[in-house]
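[1] When you get a sec, could you give me coordinates for this:
(one chain, ligands or ions: 2)
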Amino acid sequence: MKSAITIALVPQIKSGPWVFWENLEDSVVKAAALGFDAVELFTVSATAVDTSLLQQLSETYRIRICAVGTGAGKVIQGLTLTDPDAGVRARAIEFISEMIDFGAAFNAPAIIGSMQGNIPQGTERTIALQWLSEGISLLADKAKKKGVALIYEPLNRYETNISNCFADAIAWLKMLDTNNIKLLADLFHMNIEEASIPETIYQYGSYIGHVHFADSNRRAMGMGHTNMNDIAKALRYISYNGYISAEVFPWPNSDAAARQTINAFNTWFK
Ligand code: LER
Ligand code: MN
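    Ligands and ions are numbered 1, 2, ... in the order given. So this is what the prediction gives:
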């Protein structure tokens, strides 16, 4: 398993659960100094970061890019894959498609979390799910051509009414033609929605393509009441070999959250 930490470069969401918020280079330097294998990037758009600078930082500091988040499309532009307006859905697909290109240049998959949106009021669930299925299938095929998976993230009930738990997400995934979608196990969302996080990992381990490493209160692991022992055991049992990426609040500050995260990673996974 490989360690990763989040860097958000989106001023509009400064209160969100991302560890580093400063400029890209400072954050990469700090992540590398702590020994992280990779960084996960949350950017305003696919063109917001200079890719040659990112490549250079990645080589200089020997750190990979493990995934790119797409949520800025919703936060800044109000785009989702389930918007009742077909034009908005098309722009959401375009936004994610560009993020797939951006990430793929670093062999990093794009994550669809909040861009899945919600079943809109007045729209039948089956219709909205059809919109989501069409959009995601197209994007998954595109990602496949680029040699990366597409990561879909079940979110807790306060963020979406689409798929809150793994069982629901997988029942829906099985109806799609694509085999290029992996699920994101965000331990914060799972703590709210799953009856048991370890049992979910044992049951659906083969679907997991990425992990968001967060304690029950969305602080760095070890700062809440999640029982990490059983979760780590389950991840080892399924031979998970992807990234364990800290998507947590910078509490009490970014540096302390980063230190706590790498200590927790080394405790459970090294
Ligand atoms: C995105 O990875 C996520 O978990 C969302 O809850 C962020 O708002
Ligand atoms: Mn997450």
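
[2] Quick one: name the residues of the stretch 51-200 of the chain near ligand 1.
    71, 113-114, 153, 155, 159, 186 (C-beta under 6 Å from any ligand atom). All C-beta atoms are positioned from the backbone trio N, CA, C, and that covers glycine.

[3] just checking, D101 touches A46?
    Yes. At 6.3 Å, D101 counts as touching A46 under the criterion of C-beta atoms under 8 Å.

[4] Comparing those two, which residue is more hemmed in?
    With neighbours defined as other C-beta atoms under 10 Å, D101 and A46 compare such that A46 has more, 23 against 18.

[5] Any idea how many residues pack against A38?
    By other C-beta under 10 Å, 21 other residues sit near A38.

[6] What's opposite the closest residue to ligand 1 within the stretch 151-270 of the chain in the beta bridge?
    Nearest residue of the stretch 151-270 of the chain to ligand 1 (C-beta to the nearest ligand atom) works out as D186 at 4.8 Å. D186 has the following beta-bridge partners by DSSP bridges: H212.

[7] Mind telling me which residue of this structure is nearest ligand 1?
    For the chain, C-beta to the nearest ligand atom, closest residue to ligand 1: G113, 3.5 Å.

[8] Can you tell me the closest non-neighbouring residue to that residue?
    Spatial nearest neighbour of G113, excluding adjacent residues (C-beta to C-beta, 6 or more residues apart in numbering): E153 at 4.1 Å.

[9] got a list of what that neighbour touches?
    111-113, 116, 183-184, 186, 189, 212 (C-beta atoms under 8 Å, 6 or more residues apart in numbering).

[10] among those, which are in helices?
    Using DSSP state H, H189 are the members of those that sit in helices.

[11] do you know how far the residue nearest to G113 is from D101?
    Distance, E153 to D101, using C-beta to C-beta, to the nearest Å: 20 Å.

[12] ok, back up a step: gap between the residue nearest to G113 and ligand 2?
    6 Å (C-beta to the ion, to the nearest Å).

[13] Spell out for me which residue occupies the centre of the protein.
    Of all residues in the chain, the one closest to the mean position by C-alpha atoms, centre = their mean is I111, 4.8 Å from it.

[14] Surely A32 touches R62?
    Yes. The criterion here is C-beta under 8 Å, and A32 meets it with R62 at 6.7 Å.

[15] The two: which is more packed in?
    Set A32 next to R62 and count neighbours by other C-beta under 10 Å: A32 wins out with 17 against 8.
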